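Task: produce atomic coordinates for the following.
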Amino acid sequence: MKVRKAVIPAAGLGTRMLPATKTVPKEMLPLVDKPVIQYIIEEAVASGIEDILIVTNRAKSAMDDYFDYYPELETRLNQAGKEAELTQVRRAADLANIFYVRQKETKGLGHAIWRAKRFVGEEPFAVLLGDDIMRAKKPVTLQLVEAAEKYDASAVGVQRVATEAISKYSSVKISPLEERIFSISDMNEKPAPSEMFSNYAILGRYVLTAKIFDLLEHLRPGYGGEIQLTDGLRELCFQDHMVAVDFEGQRYDTGNLNGFLEATIDFALDHPATGAWLKQFLQEKAAHL
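All right, here's what the predicted structure looks like:
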């Protein structure tokens, strides 16, 4: 199993981040000095992904523009001798082979993934949700790819969450295979604590086989009246081997204001241009609270 392709669903309306996302795609909001989606694409590339499909909607052409060349800007930077800035601008366009398809109707995450069927073909592929930023020594997607290849199975990224928070996620029924890797036998979407299978929740990263597309195509609408990816994954785990990877790394949900601010502060503290200044600034602020 060689994973060369990835799909990034980025067609959501960004309602948790209004009013900023009224005209700016939430994936294009700046996280220190790069848009959120660039971090996700960089993770995919660092995991060995060569081709990336971004599932968008009619209001998100800014992403297409960002990962393209900008001759006028590049010429101006070159003439001004701003080589570092020129390198950064060009790098975004050269990260990977990036393609786009629109989700023409808002029918849920499962439907957005189904729109990638022609792009993927019969190959296994990774899915990286456009809201979730991962910080890890080994890219989280690569952790899943290695487990999927080892067990010749689909893989989902999981971590433990508090019982009272499980209703925000998908809970998985698991049995151990080795340290941090489990076999999945069932799952459910946004369960009440009394209905959850475990405290392990699926968090934003997947490696799937192409069998998922036929399952998604014939699914009935589920939670919230939408085609839910979890429902398709549940059918897939009944038919084929699927593993859960308790990945090592920090996950940030940048689709909500608190998660976005948490990520911004953590990344800015580690950035060479802002880290020392921000640390001093926060210490001075905290002293007066």
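
any idea where the helices of the stretch 151-289 of the chain begin and end?
211-217, 229-239, 257-270, 275-287 (DSSP state H, counting those that start in this stretch).

Minimum distance to His111: which of those has it?
His111 sits nearest to helix 211-217 of all the helices of the stretch 151-289 of the chain, at 7.2 Å, using C-beta to C-beta. From N, CA and C alone the C-beta is placed, and that goes for glycine too.

What is the closest one packed up against?
Contacts defined by 3 or more C-beta pairs under 8 Å, 6 or more residues apart in numbering; DSSP states H and E place helix 211-217 against helix 109-114, helix 117-120, helix 229-239.

Worst mean pLDDT across the helices and strands of the protein, which element?
Ranking every helix and strand in the chain by mean pLDDT, DSSP states H and E puts helix 61-66 at the bottom, with a mean of 87.

Counting neighbours, which bits of the helix or strand following that helix end up buried?
The helix or strand immediately downstream of helix 61-66 is helix 71-79, counting by DSSP states H and E. Buried residues in helix 71-79, counted by 16 or more other C-beta atoms under 10 Å: Leu77.

Please identify the buried residues of the helix or strand following helix 71-79?
Going down the chain from helix 71-79, the next helix or strand is helix 83-93, by DSSP H and E. Neighbour-count burial for helix 83-93 flags 86, 89, 92 (criterion: 16+ other C-beta under 10 Å).

what packs against the helix or strand that helix 83-93 is followed by?
Next in sequence after helix 83-93, counting helices and strands by DSSP H and E, comes strand 97-102. Applying 3+ C-beta pairs under 8 Å, 6+ apart, one finds that strand 97-102 contacts strand 51-56.

partners of the strand it packs on, with directions?
Strand 51-56 pairs in its sheet with strand 5-9 (parallel), strand 97-102 (parallel), by DSSP bridges.

got the contact list for the first one?
Right, strand 5-9. 37, 40-41, 44, 49-55, 103, 109, 112-113, 116, 119-120, 123, 125-130, 141 (C-beta atoms under 8 Å, 6 or more residues apart in numbering).

Give me the sheet partners of the next helix or strand after it and which way each runs.
Toward the C-terminus, strand 5-9 is succeeded by strand 30-31 as the next helix or strand (DSSP H and E). The sheet places strand 30-31 alongside strand 34-35 (antiparallel), with pairing taken from DSSP bridges.

rewinding a little: can you tell me which of the contacts of strand 5-9 are buried?
For those, a neighbour count by 16+ other C-beta under 10 Å gives the buried set as 37, 40-41, 44, 49, 51-55, 103, 109, 112-113, 116, 119-120, 125-130, 141.

do you know which of the strands paired with strand 51-56 lies nearest Ala148?
For those, proximity to Ala148 was assessed by C-beta to C-beta; strand 5-9 is nearest, at 12.8 Å.

With only the CA atoms kept, save that closest one in CSV.
As requested, the backbone C-alpha atoms of strand 5-9 are provided in CSV (Å, rounded to 0.1, in the frame of the first residue of the first chain):
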residue,chain,number,x,y,z
LYS,A,5,-2.6,11.2,-2.8
ALA,A,6,-4.4,13.3,-0.2
VAL,A,7,-7.8,15.0,0.0
ILE,A,8,-8.4,18.2,2.1
PRO,A,9,-12.1,19.0,2.5
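
could you give the mean pLDDT of that strand?
Taken as a whole, strand 5-9 carries a mean pLDDT of 95.

so which of the helices and strands packed on helix 211-217 is the most packed in?
Among the helices and strands packed on helix 211-217, ranked by average contacts under mean count of other C-beta atoms under 10 Å, first place goes to helix 109-114 (a mean of 24).

Which residues outside that one are in contact with it?
Around helix 109-114, the neighbours that count as contacts under C-beta under 8 Å, 6+ apart are 7, 9, 11, 55, 103, 105, 127, 129, 212-213, 216-217, 219, 226-232.

Kindly report the same for stretch 153-161.
124, 140, 143-145, 147-148, 168-169, 172, 182, 184, 199-209, 212, 233, 236-237, 240-247, 251.

No further questions, thank you.
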